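Novice: Kindly return the folded structure for what I paste below:
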Amino acid sequence: MAQREDDSEDVSYKRAVHQSALSRPSRLSSHEKYGIASTFTAVICDPTQTTRYKRHLTADSESRDEQAKRPRADKAPLRKHERFWLADGNAIIELDGINFRVHQSWFTKHSKRIAAILPDQGMQGSRLEEITLDFCGVLKAIDFEALLSLYENPGDYRDYIETPTLMSLIRTAAILGFDNDRTWLVRELEALWPSNLGELFVNPEPRLDAPEVACLARTCDIDSLLKPAFYDMARAPVFGLDRLDESEQIGRADVLRLVRMREYLSVMWAQVAAHEDPTFVCQNLQAAPSSNDERPSGLSANTNGKPVLCPTTSAMDSHCLSATARREAWVRLVHYSQIFAQYRYDPLRGLAALINISWTDEWCRDCVEKRKADWHKMQRRIWEMVGEYLREE
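Specialist: Numbers count the residues shown, from 1 in each chain. You can find the predicted model right below:
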C-alpha cells in the first residue's frame with residue numbers, strides 16, 4: 001500500500017524552482033566550509049493531476065522543443081533507503097546513490113542553517129511541497145543514516161556510543177547545522193579523548209583512530225581534540241596515516257607539524273632517559289667538598305685519610321653512591337627493562353614509567369623524590385609544547 005502511494009506521488013504534477021541560498025557570514029561561511037550546495041529544488045505535487053512535467057526557471061529558458069531535442073545525461077538509478085524513505089516525508093536527500101525522504105519540519109526545527117534556505121510555503125491547500133537538498137560530495141550516506149537512527153531510537157545511545165558512530169554523528173550535525181546535537185556529541189568524544197594531562201595515560205598504546213579524530217577536529221573546529229589526537233599520531237608508526245581514506249587526509253601543514261613534533265619528543269626523551277643527567281650531584285653532598293667524583297659518596301674517610309670499606313646503613317640511606325654505581329644501575333633499570341626503547345616517541349608515558357620505577361639504593365631517598373618532582377614538571381612542559389606546535393602557522 002505504501003509503495004502504491006509513493007508511485008502515485010511520483011506521477012503527480014511537479015514544477016522545479018531554483019532559488020538562491022544563504023549569504024556568506026563574515027567570519028566563516030558554513031556553506032563554504034562544508035561545500036553545501038547553494039541551490040535546492042522545490043517540487044510541487046498536486047494529487048489531483050496525473051501528468052508530470054518539470055521546468056527550470058532560468059534567465060533565458062529554453063523552449064519545450066529545444067529541451068526535447070537535448071540528449072539526456074545518463075544517470076545511475078537512485079535507490080530508496082530501506083528505513084528512511086518516509087511515506088509522508090517532503091524533503092529528499094540524495095547521498096551516495098541513495099535517496100532519503102524525511103520531514104522538512106525536522107530540518108527547520110533543528111537547523112537554523114537549513115531553515116534559512118528552505119521556502120516558507122509549506123502546505124498550500126491540497127498541494128504538498130517537496131524539496132530536494134543536494135549534499136553530494138559533502139555528506140556521506142552512512143553519516144546521515146547515523147543521525148536519523150539517533151532520532152529514531154535515542155534510547156539506544158543513552159549509555160554508550162561507539163567512536164565511529166560518534167564521529168559520524170558529529171560530522172553530520174556540523175554539516176547540517178544541528179548545533180545543539182553537535183554540542184553534546186562533542187562532549188562525548190572529548191571524554192574519550194581527554195586533553196587533560198592527568199587523564200592522558202589511560203591508553204598505553206597509540207589509538208588507531210587518532211588520524212580520523214584529527215581530521216574531524218580540523219574539519220569541525222574542535223580544538224580540544226587536536227592535542228591528544230596529534231600526540232597519539234606522533235608516537236605511532238608513519239603517524240597512522242596509512243589508515244586514512246582518500247576523503248580523509250591530513251593537510252601538508254599538519255604533516256610537517258607531526259614531523260617536527262616527533263623529532264622534539266624523541267630528543268626530549270633521549271635527554272632524560274638515555275643516561276643519568278651528567279650534572280647530577282647528590283643534594284645531601286652539595287655542601288661537602290669532594291676531589292674525586294668516582295669515590296663512593298656514601299663512604300666516610302677515617303683519621304688516616306683512607307676510606308671506610310663497609311659504610312653504615314645510615315650512610316647509604318643519606319647519600320647517593322658513586323657515579324659508576326649509579327650509571328650501572330641506570331642501565332639495568334632503564335635500558336635492560338626496555339623502558340628506553342619502548343617510549344622513544346612517547347616521553348610523557350616514558351617519564352611516568354621512570355617515576356614509577358622502584359629506584360634502588362644507588363640513589364638516596366631525597367634525590368629520588370626530587371627527581372620525580374622534576375619529571376612531573378617536564379611532563380607539563382612537554383604537553384604545553386605539543387600545543388605550541390599545533391598553533392604554528
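
Novice: wait, residue 176 sits on residue 143?
Specialist: No. Applying CB atoms under 8 Å, one finds residue 176 not in contact with residue 143, separated by 9.8 Å. Placement of C-beta: from N, CA and C, glycine included.

Novice: Now residue 186: which helix or strand?
Specialist: helix 179-192 (DSSP states H and E).

Novice: So which bits of that helix are buried?
Specialist: Of the residues in helix 179-192, 181-182, 185-186, 189, 192 count as buried by neighbour count, 16 or more other CB atoms under 10 Å.

Novice: higher neighbour count, residue 176 and residue 143?
Specialist: Taking other CB atoms under 10 Å, residue 176 and residue 143 do not tie; residue 176 has more neighbours (26 against 21).

Novice: Next, the contact list for the more buried one, please.
Specialist: Counting by CB atoms under 8 Å, 6 or more residues apart in numbering, residue 176 touches 107, 110-111, 113-114, 139, 147.

Novice: Low-confidence regions, the stretch 251-393 of the chain specifically.
Specialist: 286-317, 393 (pLDDT under 70).

Novice: what do you get if the cut-off is 90, keeping everything else the same?
Specialist: 251, 277-319, 391-393 (pLDDT under 90).

Novice: show me where it has strands.
Specialist: Ranges of strands within the stretch 251-393 of the chain: none, based on DSSP state E, counting those that start in this stretch.

Novice: Strand partners (parallel or antiparallel) of the helix or strand hosting residue 131?
Specialist: Taking DSSP H and E as the criterion, residue 131 maps to strand 128-134. The strands that strand 128-134 pairs with in its sheet are strand 40-45 (antiparallel), strand 91-95 (parallel) (by DSSP bridges).

Novice: sorry, back to before: which secondary structure elements does the helix holding residue 186 contact?
Specialist: If you count contacts as 3 or more CB pairs under 8 Å, 6 or more residues apart in numbering; DSSP states H and E, helix 179-192 packs onto helix 163-176.

Novice: average model confidence for the helix it packs on?
Specialist: In this model, helix 163-176 has a mean pLDDT of 95.

Novice: then it to PDB, C-alphas only?
Specialist: Listed next in PDB are the C-alpha coordinates belonging to helix 163-176 (Å, rounded to 0.1, in the frame of the first residue of the first chain):
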ATOM      1  CA  THR A 163      33.500   6.100  18.500                       C
ATOM      2  CA  PRO A 164      33.000   5.600  14.700                       C
ATOM      3  CA  THR A 165      29.300   6.300  15.200                       C
ATOM      4  CA  LEU A 166      30.000   9.300  17.400                       C
ATOM      5  CA  MET A 167      32.300  10.800  14.700                       C
ATOM      6  CA  SER A 168      29.600  10.200  12.000                       C
ATOM      7  CA  LEU A 169      27.100  12.000  14.200                       C
ATOM      8  CA  ILE A 170      29.400  14.900  14.800                       C
ATOM      9  CA  ARG A 171      30.200  15.300  11.100                       C
ATOM     10  CA  THR A 172      26.500  15.300  10.200                       C
ATOM     11  CA  ALA A 173      25.500  17.700  12.900                       C
ATOM     12  CA  ALA A 174      28.200  20.100  11.900                       C
ATOM     13  CA  ILE A 175      27.400  20.000   8.200                       C
ATOM     14  CA  LEU A 176      23.700  20.300   8.700                       C
END
